[in-house]
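A.B. asks: Got a predicted structure here, sequence first:
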There are 2 protein chains.
Amino acid sequence: MGFTEVDQQAVNTIRILAADATAKANSGHPGAPMGMAPVAQVLWNNIMTFNPKNPKWINRDRFVLSNGHGCMLQYALLHLYGFGLTIDDLKAFRTVDSITPGHPEAHDTPGIEVTTGPLGQGVCNAVGLAMGQAHVAATFNRDGFELINNYTYCFLGDGCLMEGVSGEASSLAGHLQLGNLICVYDDNHISIDGDTNCAFTEDVVKRYESYGWEVIVVADGDHNLEGIASALKAAQATKDKPTLIKLRTIIGFGSTQQGTHGVHGSPLKADDIKQLKEKFGFNPEESFAVPQAVYDLTAKKIAEGAAAEAEWNTLFAKYGEQYKAEHAEFSRRLKGDLPEGWEKSLPVYKPTDAAVASRKLSETVLGKIEEVLPELIGGSADLTGSNLTRWKDAVDFQPPSTGLGTYAGRYIRYGVREHGMGAIMNGLAAYGGLIPYGGTFLNFVSYAAGAVRLSALSQVRAIWVATHDSIGLGEDGPTHQPIETLAHFRALPNCMVWRPADGNETSAAYYVALTSKHTPTIMALSRQNLPQLENSTIENAIKGGYVVHEDKGADVTLVSTGSEVGICVDAVKYLAETHNIKARVVSLPCFEVFDAQSKEYRLSVLPDGIPSLSVEVMTTMGWERYTHEQFGLNRFGASGPYKDVYKKFEFTPEGISKRAVATINFWKDVPNIRSPINRAFEQLV
Amino acid sequence: MGFTEVDQQAVNTIRILAADATAKANSGHPGAPMGMAPVAQVLWNNIMTFNPKNPKWINRDRFVLSNGHGCMLQYALLHLYGFGLTIDDLKAFRTVDSITPGHPEAHDTPGIEVTTGPLGQGVCNAVGLAMGQAHVAATFNRDGFELINNYTYCFLGDGCLMEGVSGEASSLAGHLQLGNLICVYDDNHISIDGDTNCAFTEDVVKRYESYGWEVIVVADGDHNLEGIASALKAAQATKDKPTLIKLRTIIGFGSTQQGTHGVHGSPLKADDIKQLKEKFGFNPEESFAVPQAVYDLTAKKIAEGAAAEAEWNTLFAKYGEQYKAEHAEFSRRLKGDLPEGWEKSLPVYKPTDAAVASRKLSETVLGKIEEVLPELIGGSADLTGSNLTRWKDAVDFQPPSTGLGTYAGRYIRYGVREHGMGAIMNGLAAYGGLIPYGGTFLNFVSYAAGAVRLSALSQVRAIWVATHDSIGLGEDGPTHQPIETLAHFRALPNCMVWRPADGNETSAAYYVALTSKHTPTIMALSRQNLPQLENSTIENAIKGGYVVHEDKGADVTLVSTGSEVGICVDAVKYLAETHNIKARVVSLPCFEVFDAQSKEYRLSVLPDGIPSLSVEVMTTMGWERYTHEQFGLNRFGASGPYKDVYKKFEFTPEGISKRAVATINFWKDVPNIRSPINRAFEQLV
């Protein structure tokens, strides 16, 4: 490639910016940026295609820093390559309200594709980005119009490789033959506990070959820019396999502590930075200095990027002449708008319709909307027949050579890889123009907690079809019956947990999930049949909570979700007949959405002057926010036919009534009962 | 080995029992038991050493069914090999309150070593069991006294191999050269979604070789009993590597649906069972029938097991003559009792002592107790220097050949493998005579949610040293700052979450964690320094909650945990000086333990007649159970120096006082304010 001294100067500039910023913040990880500066510079300057003036250009190459703690590497690159990060932003590294936080956050910083830092996640996001590329290319490319041909590049370290989630996604990536995915493993032999030989002695090359990856070893990642470039070029040329480049580097290259874990997570000392700058020919008295020659080099690249997008825009316009419908569709999806009137496809139910399991209701929704929402792409972690996530005649997303599907297929066989699935969904959503969903049992969404958290933090629209949502799954027993799961995800900020009670509530859950561009959704769905409720409509349910059964003279409000709402309705009759007690029933399928309604509305649903009892067959935690008393299950469940299990734990009209009576008695002497909706002050947002 | 017709009859008996039990339950998984019956019978009858009359004999071989959904295999074995499971127990498969639930549960069923079913967990438990064996052997064996030399056997399926957690533990097992671990992979090509070629096409042999395992392939697992026995013998002979036996089987062998996913998770139809019994020479009219010849065969094995233990008991008695102290120590540890007076080693603090981070206080505890509690064995998921989990002069648990430690070492280098660490801790605890602990950031305990859940369900004493417990970690930012984590694990039944506020509370947390034999603990510990509190004593704190600052005429109770308790104490002064308001302060380091106190005590801490405000820098969810109003953080945190972050979110004396005033105003017109401790009815237990 003919690398010059300026290239080397750029490499050293990145190293010094990382050292300066971590020193100024007195916090952060200089080691990885200093070690990976050569491959970063080669990749960004000589290999990748991107336009910093439009970081969202759809055919840009994607870059993911899976070892996100090394984010000063990425911030330095974003500065040098014109993404709008200023030297002041670098100086504000790791300070409150900066756009250069301690780990890269996609929603705040231009040019950051996905939020990384929790180890193992980024490389799975990269797999999702590469799957998204393959799918969008297969869907929209036409002869002579290779609209989509970008690569996804990912840097990762030992930590990412040790995390099981990366193994899940890497195995799937190999199976899927993702030739557009190129990962660079920073083989620096150092993790926080010291030399990796204390815990990580596996043969990484062999492992990735076993997954079906191409593996290329570069022995000197510190100096050999040509070798790095050749490896990246070779990886690009491998079209039917993802590639792992194992790059031997010295962590903290240039520091007097290089090659030790002393440079991993602590800033360099002042005299170390001084000698570093001297060694690299920089002025030791200057900080955050970038040589003009380096700016000139990257300016060229920035201009090339703008030209590349301009050329693409011309191609896309021509495409529009020849493929009008596809052009319109692609344009719509890039904007992220759903097609006009799509919601008319959502099924609507009458109270007289048959009782149906909500997992089955979800299947019906998917079957009805898949045609109007071609951006919907999803699958299951090997529970297709249980989650009912596959619509009739769906085509599998598979490499054509397998004979099992095509890359244009929209049904993903994730295998038993819940965590990988969650992280891949984050990547698919980040690609653009796609809405990912994934199925598993609700209990096993917990396996993916790390990925769900990042969906919420990075504001990704990912949808979990989480069936078998309670002890109502019956015979599989306590190992599979969620108790803490809803509380866990209800407590997670910016995450919608829906537990619909019937058909209209299920449609409502999908409506809100699909129209919430910046929030993930977990839909808790039943295995057992649920009756269609009297007052349930999509319009009511999209408020997150509403009155299912009103009675102005009621003695108690029963507040419930999902499969227990119908039992509460039965309890109303039982209470009237057996105790001469009047009860009203509220369905609260989604706390987060209900919380966003006006206080007036919330008080109309959960009014003052009447005691309330929540009924949900799992932990009572969190229900105290909405009700005065709570009937739940603060213990593990039991294995048996679901009706027997419900009976054992008294989730029956009788059992509910008993507690409703206790609630009324306990509150009868309290004057002016105040609804829990009333609070002394507002929470911070 | 000279297998006879009776061996084959035993194999078929297992198959038929599995078919009968799943048919009777109309639920369950016949396929795996029918496919794995040959290897199970060979292993149990010809290879393993165990005494069913004492399923807890310490030197028994361990058996783990990682593909726990196939538990009818295990229940059939436990019946045939005399563990006290009757035919009636088999008939009660998957019914409420039976000892044969839908997945194997260790605390209920004799002979079940660990609770499995959630895929990937069992094989990690097996790694833990094998580590436990290696450690206990290295600690107590002496020349001529090989007290401990058992093997750990584990069956696993495709699902377990796809789960990332198994990769984490398998990589570590290879590194640790666990020659005593033998896994059998049921290579049946079928998962729930159908043929595994739709999602799982990696080269498993090569992957396990890359981890440093011995891999043996048995091509015909359906008929070749000799081949199976030879493979198991060869695996036993490999002393410096774990072994994976890849066993090709036909799922549901004998069914007309054999080899399809139709037999994976659904009972066989009546006519299929009929032909199965006819084909195997059984009476098709009989169910749950066991030929006498099979009982005779297993009776011999049962007798051999009793003899083996008797012989071992003799050896152990002789050992006692020669190694009196070791014998006494080993005996104590097998009983699970802690040594008399160990708790005197717990450090105690005065209010005048310096402020210290609770992660550092935890390090001090470990340093003080490690000598009196030699059963303590732990480590960190590559955060040793941050979690402070390693006492001075600890020896690493490592294969001696590495030169990095010995198997008698008690400090485990887990690598960046939180989920694997959690599942391995469950195995270590199940081995007996060991108390495992593991360190990571609190936020990343979520990665291990699947394993923590099984600690709680299977009643395992595992201790999480979960440091960096809040936005107080500062610069690492929102990706690392827990918000939902405490609520998640507080909602999990039988799990103690401790968030100590100072030195004495940290000692109390360890005291309760170590003396609770059947409950896991998560200790949330601060990165930042915390002052020693006035009223804090171990005696107070072990009640889970107590009054830190009393004031009989108080206007409000501030209720807090961990790092915020000290700020509440400062807020008391601020409230008095600025608003002339009197406040009392309660520390509530552990909800679960506080809940177990008498109502009288709890009401003395959180009394009627006074409004209360909780203060904790994370989700408010769950606090409504204890307080009237809540100050928390129902959003993600921020990256910056921790004092700036606390200030941004107003967790300062001023910010707390503002909300205390709002609380007082909001409740001032309510007569007879009732403490939330009062409830209308008791929860089910």
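C.D. replies: Sure, I can see it.

A.B. asks: quick one: contacts of stretch A:84-102?
C.D. replies: Applying CB atoms under 8 Å, 6 or more residues apart in numbering or on different chains, the external contacts of stretch A:84-102 come out as A:17, A:20-22, A:24-25, A:27-28, A:52, A:69, A:71-72, A:75-76, A:78-79, A:108-111, A:117, A:288, A:290, B:475-480, B:638-641, B:644-645, B:648. To be clear about C-beta, it is placed using only N, CA and C from the backbone, and glycine gets the same treatment.

A.B. asks: Endpoints of it, how far apart?
C.D. replies: By CA to CA, to the nearest Å, the extent of stretch A:84-102 from end to end equals 18 Å.

A.B. asks: Report the buried members of the contacts of stretch A:84-102.
C.D. replies: Buried members of the contacts of stretch A:84-102, counted by 16 or more other CB atoms under 10 Å in any protein chain shown: A:17, A:20-22, A:24-25, A:27-28, A:52, A:69, A:71-72, A:75-76, A:78-79, A:108-109, A:111, A:117, A:290, B:475-480, B:638-641, B:644-645.

A.B. asks: Tell me the residue of the stretch 151-300 of chain A that sits nearest chain B?
C.D. replies: A:Gly164 (2.4 Å; CB to the nearest CB).

A.B. asks: Not counting its neighbours along the chain, what's nearest that residue?
C.D. replies: Nearest residue to A:Gly164 in three dimensions, chain neighbours excluded: B:Gly164, at 2.4 Å (CB to CB, 6 or more residues apart in numbering or on different chains).

A.B. asks: Can you read off the pLDDT for that neighbour?
C.D. replies: pLDDT recorded at B:Gly164 is 98.

A.B. asks: Spit out the contact partners of it.
C.D. replies: For B:Gly164, counting by CB under 8 Å, 6+ apart, the contacting residues are A:120, A:163-168, A:417, A:419-420, B:120, B:419.

A.B. asks: Among the contacts of stretch A:84-102, which ones are in helices?
C.D. replies: In helices, judged by DSSP state H, the following of those are found: A:17, A:20-22, A:24-25, A:71-72, A:75-76, A:78-79, B:644-645, B:648.

A.B. asks: and of these, the nearest to B:Val42?
C.D. replies: B:Val42 lies nearest to A:Cys71 out of the ones in helices among the contacts of stretch A:84-102, by CB to CB, at 53.7 Å.

A.B. asks: which stretches of chain A have low pLDDT?
C.D. replies: A:1 (pLDDT under 70).

A.B. asks: out of all of them, which helix in it is the longest?
C.D. replies: Longest helix in chain A by number of residues (criterion: DSSP H): helix A:292-322.

A.B. asks: list the helices and strands the next helix or strand after that helix packs on?
C.D. replies: Scanning forward in sequence from helix A:292-322 by DSSP states H and E, the next helix or strand is helix A:324-335. Packing partners of helix A:324-335 (3 or more CB pairs under 8 Å, 6 or more residues apart in numbering or on different chains; DSSP states H and E): helix A:292-322.

A.B. asks: Pull out the buried positions in the helix it packs on.
C.D. replies: Those would be A:294, A:297-298, A:301-302, A:305, A:308-309, A:312, A:316, A:319, for helix A:292-322 by 16+ other CB under 10 Å.

A.B. asks: These into a markdown table, with extra columns for distance to chain B?
C.D. replies: As requested, the buried residues of helix A:292-322 are arranged in a markdown table below (distance: CB to the nearest CB, whole Å):
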| residue | distance to chain B |
| --- | --- |
| A:Val294 | 27 |
| A:Leu297 | 30 |
| A:Thr298 | 26 |
| A:Lys301 | 29 |
| A:Ile302 | 28 |
| A:Gly305 | 28 |
| A:Ala308 | 32 |
| A:Glu309 | 30 |
| A:Trp312 | 33 |
| A:Phe316 | 34 |
| A:Tyr319 | 33 |
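
A.B. asks: mind giving me TSV with those residues and columns for distance to B:Val685?
C.D. replies: Listed next are the buried residues of helix A:292-322 as TSV, based on distance: CB to CB, whole Å:
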residue	distance to B:Val685
A:Val294	67
A:Leu297	69
A:Thr298	65
A:Lys301	66
A:Ile302	65
A:Gly305	64
A:Ala308	65
A:Glu309	63
A:Trp312	64
A:Phe316	64
A:Tyr319	65
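
A.B. asks: what does the stretch 201-350 of chain A have sitting close to chain B?
C.D. replies: By CB under 8 Å from any CB of the partner chain, the residues of the stretch 201-350 of chain A that approach chain B are A:201-207, A:209-212.
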